[in-house]
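Q: sequence and predicted structure are below.
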There are 4 protein chains.
Amino acid sequence: MSQARSIAILLISCPDQKGLVSRISHFIFEGGGNILDLDQHVDPNEGIFSARIAWEMQEFTITSSQLKEAFTPLAKEINANWDIYFSWEKTRLAIFVSKYDHCLQEILWRHRLGEFGVEIPLIVSNHPDLKPLADHYGIPYYVFPVTKDNKEEQEQKQLALLAEYQIDTVILARYMQILTPQFVSAYPSQIINIHHSFLPAFVGKSPYAQAFERGVKIIGATSHYVTEELDEGPIIEQDIIRISHRDSLQDLVRKGRDLERLVLARAIQYHTENRVLVNGRKTIIFE
Amino acid sequence: MSQARSIAILLISCPDQKGLVSRISHFIFEGGGNILDLDQHVDPNEGIFSARIAWEMQEFTITSSQLKEAFTPLAKEINANWDIYFSWEKTRLAIFVSKYDHCLQEILWRHRLGEFGVEIPLIVSNHPDLKPLADHYGIPYYVFPVTKDNKEEQEQKQLALLAEYQIDTVILARYMQILTPQFVSAYPSQIINIHHSFLPAFVGKSPYAQAFERGVKIIGATSHYVTEELDEGPIIEQDIIRISHRDSLQDLVRKGRDLERLVLARAIQYHTENRVLVNGRKTIIFE
Amino acid sequence: MSQARSIAILLISCPDQKGLVSRISHFIFEGGGNILDLDQHVDPNEGIFSARIAWEMQEFTITSSQLKEAFTPLAKEINANWDIYFSWEKTRLAIFVSKYDHCLQEILWRHRLGEFGVEIPLIVSNHPDLKPLADHYGIPYYVFPVTKDNKEEQEQKQLALLAEYQIDTVILARYMQILTPQFVSAYPSQIINIHHSFLPAFVGKSPYAQAFERGVKIIGATSHYVTEELDEGPIIEQDIIRISHRDSLQDLVRKGRDLERLVLARAIQYHTENRVLVNGRKTIIFE
Amino acid sequence: MSQARSIAILLISCPDQKGLVSRISHFIFEGGGNILDLDQHVDPNEGIFSARIAWEMQEFTITSSQLKEAFTPLAKEINANWDIYFSWEKTRLAIFVSKYDHCLQEILWRHRLGEFGVEIPLIVSNHPDLKPLADHYGIPYYVFPVTKDNKEEQEQKQLALLAEYQIDTVILARYMQILTPQFVSAYPSQIINIHHSFLPAFVGKSPYAQAFERGVKIIGATSHYVTEELDEGPIIEQDIIRISHRDSLQDLVRKGRDLERLVLARAIQYHTENRVLVNGRKTIIFE
């Protein structure tokens, strides 16, 4: 999506009823907005209406600062869960890494090409190893060594830093620490992890070793929002690659790297283009 | 999509302008319809608005017989190309085959399972070979042997038969005859072919032999609407499968069969669920 | 592979040592055999040599009836696990089904086309529903209704029938009964199941419902040898298909059907072309 | 494959006859070599035997310097096309680039991780743009601006430079110049290109624009050896990605980038691990 245009994006879900599209689109029309993209879906089992609507703001008569207030009465009436995003307010990402560089490399390279319309004001790590890569891209790199004893303390410092940098979303780009529930609850549906298996297969540690032992013919990677339960958060994106008996455990790790970085990159793209609605344990992806 | 519900589906495209979604959805809301699914897209280069909107007819105050008339004024005003379909008016398919049975087998098996919400009142062939299969499914099978000299004459008889059976759409399920422009023009955007290559690679005859000679690592199949230009019609669906140097030409044919039937089945599903908008040489597929 | 040729296939694994290929190929050369295909692999971690060697028997001076005896001294010396198969001795399959017809349909259709070089002398079921399909292909269909109380008794009758028909391999084509360890032990590495999930995800009952609940973006199917532990046998083949939030549980079932039949068909092909070596919990597939 | 081991790799093709595997493996056995991996294939139509054999050199009694001479008599007798490679003699690559960085980025990143067992002593370009990236990895970067008038002259300088650096293989990593036949003939089957389409679809210029115009549902990338005929050389690897009507031409370019770099990386891996045999217009890939 071109970043040059001024676009508003409404993500919304609510109990289904007649006239929802009509009322919402009328609200936009009255303001003078032209809808560019509307994707709407009703879950027939749960009776939940959900939609993503993007419209041009250029000739819109309601200013962006007034828009949320203006939409609130309608949203309340239909009992909606909603938010509005603006194309010029870029999502601010903090990337968390440990020692593996492939996911960070991929994110920073795409970022420089302008593929993500985001800002990446800082990188956080529990190891100093990837500082040269951060330096190459000119992004501040903060090291917080984590031990069993200092984890909560370090997380408090990290949270303070994230607040200072006004971070919206945390990307765990193969960050090898399990976050505490306190940390997780500070960024609900705003922490994205990449797990190196086809979840829910091979939860937890060493999924490639588990896959190798089980003799699967396909390995996968899964990007998901982090919740308190390990590897149980809503899945954003998954993909797979074929392996064979000729592949050693090292080959799985190598092939998996390619999956991990692509799957994480797609999840970041969906999230930062405001294409993801979290619905309980699941996500709706408006492609 | 459940066939039990009474659903109307509007497929529409027109020059983009403000308020289109609002006006169309308001029309549906005023009639008392509940929108179940709305997928809308604006092509930013061509400035073309296109949408597929599905709504429940159960409490709709405009009867289905009046609906098209009722929508016409709005459609005219916005200069739209449109049609409305009803879930209880099943598309009537004629399947054209020659000697290969895999596509026919697939279509009839899915049809019996109720995967397609269609009627298949007849099968047409230039050979008697597949009559036993048609008999097994209890579908009339008409044979029109085609030679260079009698082609137009036989096509006239086929067209008369299709008219008699009130056929909406013709499926060329590996029918090994090239239709004349006269036949094609009788069913614009209503004749679906399966070509056994990844178009536009390997247009024309013997695509597997062409692929084998070229040494490609992947073969494909393409389902498209038939136009006057051979293998040039708008593409509905494509898919591919990997091959290797171990695969003989016969292996390509065997592996390709699996592709052909799945790709054709998906194209039939998109078409008969009214998910395809033809836009010049291209299609929009509302998934 | 053309069935017209007379081909011998050696499947072999043993502790690795120098000269194995040389000695085995020399044995074939001395007999006057021309090797058509040799695929060999040494697992560097376990030090296990494994190979599949196919050669022409037409000018081979050792008759097929003497061949196994002739090879035994060498096999003993290298402490091998091995067997020799002949292209003209077709694997005899019994297909076990319940009520779903898609896998049976697929197998019988491919069988009639000659894709599998096998014989299918009978079909076994716990329900009468699929008898018409068996009749269409002219294959005897035996019904053994199974209850909690009569399971072992019915299995004994089934085993007697399989013995009578000289069955080599049992295909569970969506057979909805769990076999007892007694039955399983009668056909070690000769019972092939299709499980409708991407194992080891969603072991056990209702994998599509489990997948739907978990909100995965990809579903899979797995064909594996049956062992005493449910869904834990060596995996032969797996494949996947993408799904989205628009897909209902019924859509998963429908999309999964296409996967199940293709994955099972590929597993049957690998097995009956003697391309599978079982190595503990894993398989080696010589493609 | 572990680089620590000393391994010899024989790539060979010749007219098929009895005893080829036996004689070649006996040659290796007599020298005291242990075969680690043997993949052999006979093309039944053309009667061509081809094989890749890897064995350990550690206890091999023939030194690597004598090995080619020692093998020559047998090779002559069977009229073979062959070469022997040693794991410690790394292929020396020159990367040619223009302005796009994604393929270069991918190659250098994998190279640094040790995924390719190669040396990359220089990068050649017709533009200065990617020098900073080359600098980051510490690889000399040579700029040869090319115009219509100076092309042959510049190519002569490039060839001299490649000779000086003892380059084995040239990688065209989105190098936007067509090489002259003179250049191509200097490196037969040793120049690898990445073409941004699913060849033979969309030969020549602007394949993404061509794909966009044609309305395909899948785009591809193809890595092939360069021959005198543009985009007609033997294909090493291909892959594809799905697109939809929502994708603009810019989206195709973006999605295609991911394909291009992965397909080129796989082609480089096959080539530098000596897994590719060129057979006329086709390749055999020993996976």
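A: Ah, there it is.

Q: A:Ser197 contacts A:Ser223, doesn't it?
A: No. If you go by C-beta atoms under 8 Å, A:Ser197 and A:Ser223 don't touch, sitting 11.6 Å apart. C-beta coordinates here come from the backbone N, C-alpha and C atoms, glycine included.

Q: tell me the contacts of A:Trp88?
A: A:Trp88 makes contacts with A:Ser6, as judged by C-beta atoms under 8 Å, 6 or more residues apart in numbering or on different chains.

Q: tabulate the CA atom coordinates of stretch A:118-135 in CSV.
A: As requested, C-alpha coordinates have been extracted for stretch A:118-135 and formatted as CSV (Å, rounded to 0.1, in the frame of the first residue of the first chain):
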residue,chain,number,x,y,z
VAL,A,118,7.1,1.4,10.6
GLU,A,119,9.7,3.0,12.9
ILE,A,120,12.3,0.9,14.7
PRO,A,121,13.8,3.2,17.3
LEU,A,122,15.6,0.5,19.3
ILE,A,123,16.8,-3.0,19.5
VAL,A,124,17.0,-4.9,22.9
SER,A,125,19.1,-7.9,23.6
ASN,A,126,20.3,-10.1,26.4
HIS,A,127,23.6,-10.5,24.6
PRO,A,128,26.0,-8.0,22.9
ASP,A,129,26.6,-10.2,19.8
LEU,A,130,24.3,-8.4,17.3
LYS,A,131,25.4,-4.9,18.1
PRO,A,132,27.5,-4.6,14.9
LEU,A,133,24.4,-5.3,12.8
ALA,A,134,22.4,-2.7,14.7
ASP,A,135,25.2,-0.3,14.2
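
Q: how many neighbours does A:Asp135 have?
A: 11 (other C-beta atoms under 10 Å in any protein chain shown).

Q: before we move on, back to that, of A:Ser197 and A:Ser223, give the one with the bigger neighbour count.
A: Using other C-beta under 10 Å as the criterion, A:Ser197 and A:Ser223 rank with A:Ser223 on top: 28 against 24.

Q: wait, isn't that one in contact with A:Glu237?
A: Yes. Using C-beta under 8 Å, A:Ser223 is in contact with A:Glu237, at 4.9 Å.

Q: tell me, what's touching these two both at once?
A: With C-beta under 8 Å, 6+ apart, A:Ser223 and A:Glu237 have common neighbours A:Val263, A:Arg266, A:Ala267.

Q: could you list the low-confidence segments of chain A?
A: A:1-4 (pLDDT under 70).

Q: for it, what lies in contact range of chain B?
A: A:2, A:16-23, A:25-26, A:28-29, A:32-42, A:44, A:51 (C-beta under 8 Å from any C-beta of the partner chain).

Q: can you narrow those residues down to the ones near chain C?
A: Checking the residues of chain A next to chain B against chain C (C-beta under 8 Å from any C-beta), the matches are A:His41, A:Pro44.

Q: just the buried residues from the residues of chain A next to chain B, in ChimeraX please.
A: Buried members of those, defined by 16 or more other C-beta atoms under 10 Å in any protein chain shown, are picked up in ChimeraX with:
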select /A:16,18,19,20,21,22,23,25,26,28,29,32,33,34,35,36,37,38,39,40,41,42,51
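
Q: in strands, which of the residues of chain A next to chain B appear?
A: Secondary structure from DSSP state E places A:Asn34, A:Ile35, A:Leu36, A:Asp37, A:Leu38, A:Asp39, A:Gln40, A:His41, A:Val42, A:Ala51 of the residues of chain A next to chain B in strands.

Q: tell me which two in these are the farthest apart.
A: A:Asn34 and A:Val42 (24.4 Å; C-beta to C-beta).

Q: how about the contacts made by A:His196?
A: Contacts of A:His196 by C-beta under 8 Å, 6+ apart are A:Arg174, A:Pro207, A:Tyr208, A:Ala221, A:Gly256, A:Leu259, A:Glu260.

Q: quick one: residues contacting the fourth one.
A: What that stands for is A:Ala221. A:194-198, A:238-240, A:256, A:259-260, A:263-264.

Q: of those, buried ones?
A: Among the contacts of A:Ala221, those buried by neighbour count (16+ other C-beta under 10 Å) are A:194-198, A:238-240, A:256, A:259-260, A:263-264.

Q: JSON lines for these, including secondary structure?
A: Compiled in JSON lines, the buried ones among the contacts of A:Ala221 are given as follows (DSSP: H, G, I helix; E, B strand; the rest coil):
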{"residue": "A:Ile194", "secondary structure": "strand"}
{"residue": "A:His195", "secondary structure": "strand"}
{"residue": "A:His196", "secondary structure": "coil"}
{"residue": "A:Ser197", "secondary structure": "coil"}
{"residue": "A:Phe198", "secondary structure": "coil"}
{"residue": "A:Gln238", "secondary structure": "strand"}
{"residue": "A:Asp239", "secondary structure": "strand"}
{"residue": "A:Ile240", "secondary structure": "strand"}
{"residue": "A:Gly256", "secondary structure": "helix"}
{"residue": "A:Leu259", "secondary structure": "helix"}
{"residue": "A:Glu260", "secondary structure": "helix"}
{"residue": "A:Val263", "secondary structure": "helix"}
{"residue": "A:Leu264", "secondary structure": "helix"}
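
Q: for chain B, state which of those residues is nearest.
A: Nearest to chain B among the buried ones among the contacts of A:Ala221, counting by C-beta to the nearest C-beta, is A:Ile240 at 14.1 Å.

Q: surely that closest one meets A:Leu259?
A: Yes. The pair A:Ile240 and A:Leu259 passes the contact test of C-beta under 8 Å, sitting 7.3 Å apart.

Q: which neighbours do these two share?
A: Both A:Ile240 and A:Leu259 are contacted by A:Ile219, A:Gly220, A:Ala221, under the criterion C-beta under 8 Å, 6+ apart.

Q: how close does the last one get to chain C?
A: Same thing as A:Ala221. 11 Å (C-beta to the nearest C-beta, to the nearest Å).

Q: can you check the first one too?
A: Counting by C-beta to the nearest C-beta, the separation of A:Ile219 from chain C is 10 Å.

Q: can you list contacts of stretch A:145-165?
A: By C-beta under 8 Å, 6+ apart, stretch A:145-165 touches A:92, A:94, A:121-122, A:124, A:126-127, A:142, A:144, A:170, A:177, A:179-180, A:182-183, A:186.

Q: out of those residues, which are inside strands?
A: Judged by DSSP E, strands contain the following of these: A:Arg92, A:Ala94, A:Pro121, A:Leu122, A:Val124, A:Tyr142, A:Val170.

Q: ranges for the helices of the stretch 151-287 of chain A?
A: Taking DSSP state H, counting those that start in this stretch, the helices of the stretch 151-287 of chain A run over residues A:151-164, A:181-186, A:207-214, A:249-272.

Q: got the CA coordinates for the first one in CSV?
A: What follows is the C-alpha trace of helix A:151-164 in CSV, where atoms were taken according to Å, rounded to 0.1, in the frame of the first residue of the first chain:
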residue,chain,number,x,y,z
LYS,A,151,14.9,-11.3,35.2
GLU,A,152,12.1,-9.3,36.7
GLU,A,153,14.4,-6.4,37.5
GLN,A,154,15.8,-6.3,33.9
GLU,A,155,12.3,-6.5,32.5
GLN,A,156,11.3,-3.5,34.5
LYS,A,157,14.2,-1.6,33.0
GLN,A,158,13.2,-2.8,29.6
LEU,A,159,9.6,-1.7,30.1
ALA,A,160,10.8,1.7,31.2
LEU,A,161,12.9,2.0,28.1
LEU,A,162,10.0,0.9,25.9
ALA,A,163,7.8,3.5,27.5
GLU,A,164,10.4,6.2,27.0
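
Q: tally of neighbours for A:Gly114?
A: 10.
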